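Enquirer: with the input below, show me the fold.
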Amino acid sequence: MAEFPRTSDTPVQSPLYWVQNKDRYLRQLLIKDIEAITGRDLVVYFTDCDNTSAQIEQSDDVAFHELLDKTKNESIDLLLETNGGATDATEKICGLLRQKTNDLRVIVPRRAKSNGTVIALCGSSILMGPQSELGPIDPSILGFPAEFIVKAAPGTVNSIDIQFAVSARQQTTKLAKSLLKTGMMADSDDQQIDDTVRKLATKEHYHSHGSSIDADEAAFLKLKVEKLATDNDLWKKIWLLRTMYQYDCMTNGYAKLFEGNFVSSSVLVKAQA
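Expert: Okay, here's the model as predicted:
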């Protein structure tokens, strides 16, 4: 059903309430436009990567569950923007997504780095454009790559820290392999999956944790990628929606937004102590 401001009818909400929430309502109209093109439900997990230190964290599961609980379609798109975060929290989010649907596509308009890439691996495919990037998934411990700690010269690193680093690498590798084996690389043999995860999760192939993996590179890694051009009508709407989230987060002081065509919740930037 058409909604204000696309009709001459006034909003069903009170004028003050609608105006206070107009950014949300306009974003949700665009979400519905995208859903009309794809025939899939669209949910959004957006963090302001440029202006905040917001990351994937344990508290995200509550908003994520509420978001997924309101979806109606078995086929779901997740628009994702994040610099990464905690692996335990990432496992929980992947679990929620897998429990909800067997037909998940992850849309990465700009970036899904580190454990954001792990969430992208949760999907049956990844939709990317020219501006999109994934990243290596090697974990960091105490501000250092876990691999550096594991391979440090004897006596230079505390043994407990080494065990912690080993466990962190094993957790990430195990999760990535499990997601790929039961998802977009289900038709690949174990050796190919191991090769893909090794390139993503060690310093052997990507020497920097910030390395940019574009759509072509992701396809080279044998990930299932759908690549859209900038003049594609769907991509134009996806990029417009993503730009709305970036602007609205910056303007309103949001660190994160969780949103669908009905549900919307935000996390404010934490005040400095």
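Enquirer: I'd guessed Q55 sits against T87; true?
Expert: No. Applying CB atoms under 8 Å, one finds Q55 not in contact with T87, separated by 11.1 Å. C-beta coordinates here come from the backbone N, C-alpha and C atoms, glycine included.
Enquirer: just the helices in the protein please.
Expert: 15-20, 22-38, 60-69, 87-100, 115-121, 146-150, 159-181, 190-201, 215-220, 233-252 (DSSP state H).
Enquirer: closest one to P136 among the ones you listed?
Expert: helix 190-201 (5.6 Å; CB to CB).
Enquirer: in space, what's closest to W235 - neighbours in sequence excluded?
Expert: Leaving out its chain neighbours, the residue that sits closest to W235 by CB to CB, 6 or more residues apart in numbering is L228, at 4.1 Å.
Enquirer: contacting residues for the nearest residue to Y245 once chain neighbours are set aside?
Expert: The spatially closest residue to Y245, leaving aside those adjacent along the chain, is F46, at 4.3 Å (CB to CB, 6+ apart). Neighbour list for F46: L79, L80, E81, T82, R242, Y245, Q246, C249, K256, L257, E259 [criterion: CB atoms under 8 Å, 6 or more residues apart in numbering].
Enquirer: redo these as JSON lines? Include pLDDT and neighbour count.
Expert: Formatted as JSON lines, the contacts of F46 follow (pLDDT from 0 to 100; neighbours: other CB atoms under 10 Å):
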{"residue": "L79", "pLDDT": "98", "neighbour count": "23"}
{"residue": "L80", "pLDDT": "98", "neighbour count": "25"}
{"residue": "E81", "pLDDT": "98", "neighbour count": "24"}
{"residue": "T82", "pLDDT": "98", "neighbour count": "26"}
{"residue": "R242", "pLDDT": "98", "neighbour count": "20"}
{"residue": "Y245", "pLDDT": "98", "neighbour count": "22"}
{"residue": "Q246", "pLDDT": "97", "neighbour count": "18"}
{"residue": "C249", "pLDDT": "97", "neighbour count": "25"}
{"residue": "K256", "pLDDT": "97", "neighbour count": "25"}
{"residue": "L257", "pLDDT": "98", "neighbour count": "24"}
{"residue": "E259", "pLDDT": "98", "neighbour count": "23"}
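Enquirer: among the helices of the chain, which is the most enclosed?
Expert: helix 115-121 (a mean of 27; mean count of other CB atoms under 10 Å).
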